[in-house]
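Next come a sequence and a model predicted from it.
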Protein chains: 2
Amino acid sequence: MDNSALQEKVKSVFVLYLKGKGGRCTPERLEVLKTVVDIPSHFKLDTLMELLVQKNFRVSRTTLYNTIYELEDAGIVSACRIGHDMYYEMSFERPRHHHQVCTRCGRITEFQNIELDEAIAKAKYRRFTMADYTLSVYGICTSCVTQMRREEKKKKNKNINKQ
Amino acid sequence: MDNSALQEKVKSVFVLYLKGKGGRCTPERLEVLKTVVDIPSHFKLDTLMELLVQKNFRVSRTTLYNTIYELEDAGIVSACRIGHDMYYEMSFERPRHHHQVCTRCGRITEFQNIELDEAIAKAKYRRFTMADYTLSVYGICTSCVTQMRREEKKKKNKNINKQ
DNA sequence: GTCAGTGCAAACTTTTTGCAACTAC
DNA sequence: GTAGTTGCAAAAAGTTTGCACTGAC
């Protein structure tokens, strides 16, 4: 599906959702949605704000929060806490994925793993019916490992020179 | 291991950690640690504050944050975001577990699942070395399901009486 | 015309920071 | 004695709320 087709589809879902609850299709909501759909992965509310400013579309923080919550409710956007920050991302028709957080550089990347998803879906829960889940994995990304090795080498060389 | 043995063990770990980095064993830190060890599961910083107040032990918020961060660093406490709130829990010598969050009543319970842990440990990650992870499962707990059914029944009965 | 939605400012919550006084070592 | 810690108060960051005005229906 190309971007404009996705845009249309998501928009119609949101419009239907709004109609269903007696909500209104304001230009703010539609523009926020459009911007969100164009973001390829997770984003902070601040980033979304900036993107809208870049488009010369002024929205208040209040409306941004309001709209994001509506989008969550409509099942188009999902929220997740990573570390100390709140991130959002379009979840509509995106395959499920998880987040890898590098505890050194802070970069957050995504990975998919169907076996894992199945294991979580099949797991037995205590007096509980699972509907959704978030998995965040913490560790070190390979580029940080490389960098750390390089730094260590430098340190060792310095020590040798000192002796 | 009974509670006082655990208390001793955890304390010695913390003291060693503090010595190792040239930190100091202040009465505040030791009392916070003792209180944390006595909490059976996850807690908010505010709850910890209240428990200390109940003990007539005055600590400032600043010190509480400071100490919790030290405890995290020492590997005694781990932090996790659930929904909009930050929780802490003693992780020292506790088996790994995950959180089930009921999206209706907000109650957070724990569950263990070794197969899941193994699946996560064995999973292939993209340019990344996994060190730790958090899994939060969202859904409805059985007591909420029961309550919802009861309410639905009541509603139906009302409608029948109206007709 | 009506009522939901918007934007602003202010409030609120949680966490961080600067600094003087204190105290563990 | 001295450096790490504490507690306060203020600042900062993120989110929510009250309210008058606006505009989608």
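Great, that's in hand.

Counting by contacts, list what the longest helix belonging to chain A packs against.
Determined from DSSP state H, the single longest helix within chain A is helix A:142-162. Applying 3 or more Cβ pairs under 8 Å, 6 or more residues apart in numbering or on different chains; DSSP states H and E, one finds that helix A:142-162 contacts strand B:128-141. Heads up, the C-betas are built off the backbone N, CA and C, glycines and all.

Just the buried positions in the strand it packs on, please.
B:128, B:130, B:133-141 (16 or more other Cβ atoms under 10 Å in any protein chain shown).

From those, pick out the ones that also neighbour chain A.
Here is what survives when the buried residues of strand B:128-141 are matched to chain A using Cβ under 8 Å from any Cβ of the partner chain: B:128, B:130, B:133-141.

got a markdown table for those residues, with pLDDT too?
Formatted as a markdown table, those follow (pLDDT from 0 to 100):
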| residue | pLDDT |
| --- | --- |
| B:128 | 96 |
| B:130 | 96 |
| B:133 | 92 |
| B:134 | 92 |
| B:135 | 94 |
| B:136 | 93 |
| B:137 | 94 |
| B:138 | 92 |
| B:139 | 94 |
| B:140 | 94 |
| B:141 | 95 |
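
near DNA strand D, which of the residues you listed show up?
Checking those against DNA strand D by Cβ under 7 Å from any atom of the strand, not one of them is in range.

Can you pull out the low-pLDDT segments for chain A?
Within chain A, the set of residues satisfying pLDDT under 70 comprises A:1, A:158-163.

switch the cut-off to 80
Across chain A, the ranges flagged by pLDDT under 80 are A:1-2, A:83, A:155-156, A:158-163.

for the residue nearest the centre of it, what are its contacts?
Closest residue to the average C-alpha location of chain A: residue A:42 at 2.4 Å, with Cα atoms, centre = their mean. Contacts for residue A:42 (Cβ atoms under 8 Å, 6 or more residues apart in numbering or on different chains) come out as A:80, A:82, A:87-89, A:99, A:108.

ok so, going back, I'd like the ones next to chain A among the buried residues of strand B:128-141 as CSV, with distance to residue B:53 appended.
Below are those laid out as CSV (distance: Cβ to Cβ, whole Å):
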residue, distance to residue B:53
B:128, 43
B:130, 39
B:133, 34
B:134, 29
B:135, 33
B:136, 30
B:137, 33
B:138, 32
B:139, 35
B:140, 35
B:141, 31
